[in-house]
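S.K.: From the sequence below, what's the structure:
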Amino acid sequence: MINNQLSRYGSVSKVLESVSPYSKVFFVGDSDDTGFVDFVNEFPPDGDGVVRVYSSMFDSTMLANARAGRGDVILVMPGHSESISTDQSFNVKGLKVIGLGEGDERPIVRYTATAASISLDTGGIQLENFRLIADTSAVTIGVDAVGSGSVVRKNSLEFNGNGSDFAIGIRAITGDRIVIDDNEILGEDTVGPTHGIQLSASDYTKVRRNHITGQFSNAGISDTAASQGLLIGDNFVNNQDTGTSITIAGTSTSRGLVYNNRLATSDSTLSIGGAGGITAGGFRWNQNYLADGDGVSGALIPVVTSS
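M.R.: Model (predicted):
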């Protein structure tokens, strides 16, 4: 145990949540920062000869040294910034990728091409506390959660300026029991985004306490392919599309509970009484409110209540 990271570096263990004693902890920082060499020297290779400090959170050597099922952790330093132009895959089961810092000091990933994305390609991967910034138009997917049991938490998806956007902010497709909690999806109020969060055949997935705003041509949150047992609650969705402005949408075969969401639309022509602003699908709705104009209170939606 003398080379165990939790025993040798107790200060590191304090910022980690429920980490196995034999997990390896990797660190990512900016190699051009003052003091980076000192940082590297503070964390030399461990007892297995594995390097622990890297300059990219997608470093192939680092990911090759991570072991599935061991609960390994990547800690990315406050203020770290890097750019991606292709899909970056995390495929080590149970890996935690955690950004350190608060607000604007969280680590940044810039998407410079439409094909750029971060994919969680196997089970139980956690991506937490990053600023993900679209630096070009129509980035196809910001975060693609494919592996069952993956967690996307406390991230902020942003855009660099008008004309830059994520077509889909966060997508959960085919993987089950995915958790999408406490994220911000801050889209521009002009044409570009299609979905804030898109679910597709993702059973028992939870979407909770997210703040979603932008002009979404499809919906702020949508299930497009018969997901079962969904839990969609306590979200704040503002779709600024002035046309068919849908906040939460399901299909006729979607199943789950949609509860306590606060919704807003910029479509002044819809009929809240006719369930405008949502696509109710096969969901069960409980205490959701929709506002459709300036200076008005939200109305309970759907209006029809259970007998």
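S.K.: use CA for all of it now, contacts and neighbours both
M.R.: OK.
S.K.: what's near enough to touch residue 114?
M.R.: Going by Cα atoms under 8 Å, 6 or more residues apart in numbering, residue 114 touches 85, 136, 137, 138, 139, 140.
S.K.: buried subset of those residues?
M.R.: Neighbour-count burial (16 or more other Cα atoms under 10 Å) is assigned, among the contacts of residue 114, to 136, 137, 138, 139, 140.
S.K.: Give me the nearest residue to the second one, chain neighbours excluded.
M.R.: Here the nearest residue to residue 137 in space, its sequence neighbours aside, is residue 164; by Cα to Cα, 6 or more residues apart in numbering that works out to 4.1 Å.
S.K.: Where in this protein is the helix or strand with the lowest mean pLDDT?
M.R.: The helix or strand of the chain with the poorest confidence is helix 5-8; it has a mean of 48 (mean pLDDT, DSSP states H and E).
S.K.: And the buried ones among the contacts of residue 114, which is closest to residue 121?
M.R.: Using Cα to Cα, residue 140 is the member of the buried ones among the contacts of residue 114 that lies nearest residue 121, at 16.5 Å.
S.K.: about what we covered before: turn the buried ones among the contacts of residue 114 into JSON lines, including distance to residue 100.
M.R.: Shown next, in JSON lines, are the buried ones among the contacts of residue 114 (distance: Cα to Cα, whole Å):
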{"residue": "136", "distance to residue 100": "25"}
{"residue": "137", "distance to residue 100": "28"}
{"residue": "138", "distance to residue 100": "28"}
{"residue": "139", "distance to residue 100": "25"}
{"residue": "140", "distance to residue 100": "26"}
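S.K.: and those residues as CSV, adding secondary structure?
M.R.: Converted to CSV, these look like this (DSSP: H, G, I helix; E, B strand; the rest coil):
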residue, secondary structure
136, coil
137, coil
138, coil
139, strand
140, strand
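S.K.: Between the contacts of residue 114, which sits nearest residue 99?
M.R.: Checking these against residue 99 by Cα to Cα gives residue 85 as the nearest, at 20.0 Å.
S.K.: Tell me how far residue 47 lies from residue 105.
M.R.: Residue 47 sits 32 Å away from residue 105, going by Cα to Cα, to the nearest Å.
S.K.: If you could redo that for residue 293, that was the one I meant.
M.R.: Note on residue 293: its distance to residue 105, by Cα to Cα, is 35 Å.
S.K.: Show me which of the two is the more surrounded one.
M.R.: The residue with more neighbours, out of residue 293 and residue 105, is residue 105; 16 against 13, by other Cα atoms under 10 Å.
S.K.: ok, the more buried one - contacts?
M.R.: Residue 105 touches 78, 79, counting by Cα under 8 Å, 6+ apart.
S.K.: swap in residue 160?
M.R.: 133, 134, 135, 136.
S.K.: list the helices and strands whichever strand or helix holds the first one packs on?
M.R.: So that's residue 133. Using DSSP states H and E, residue 133 falls within strand 131-134. Applying 3 or more Cα pairs under 8 Å, 6 or more residues apart in numbering; DSSP states H and E, we find strand 131-134 packed against strand 108-111, strand 156-159.
S.K.: on that earlier part again, which of the buried ones among the contacts of residue 114 sit farthest apart?
M.R.: In the buried ones among the contacts of residue 114, the most distant members under the criterion Cα to Cα are 136 and 140, with 10.4 Å between them.
S.K.: Where does the prediction get shaky in the chain?
M.R.: Low-confidence segments of the chain (pLDDT under 70): 1-17, 268-275, 305-307.
S.K.: show me the contacts for the residue nearest to residue 137.
M.R.: Residue 164 sits next to 134, 135, 136, 137, 138, 139, 192 when contact means Cα under 8 Å, 6+ apart.
S.K.: Reformat the residues you listed as TSV; add distance to residue 281.
M.R.: TSV is the format used below for the contacts of residue 164 (distance: Cα to Cα, whole Å):
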residue	distance to residue 281
134	31
135	34
136	33
137	31
138	28
139	28
192	25
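S.K.: Looking at the residues you listed, which one is closest to residue 251?
M.R.: If you rank the contacts of residue 164 by distance to residue 251 using Cα to Cα, residue 192 comes first, at 22.8 Å.
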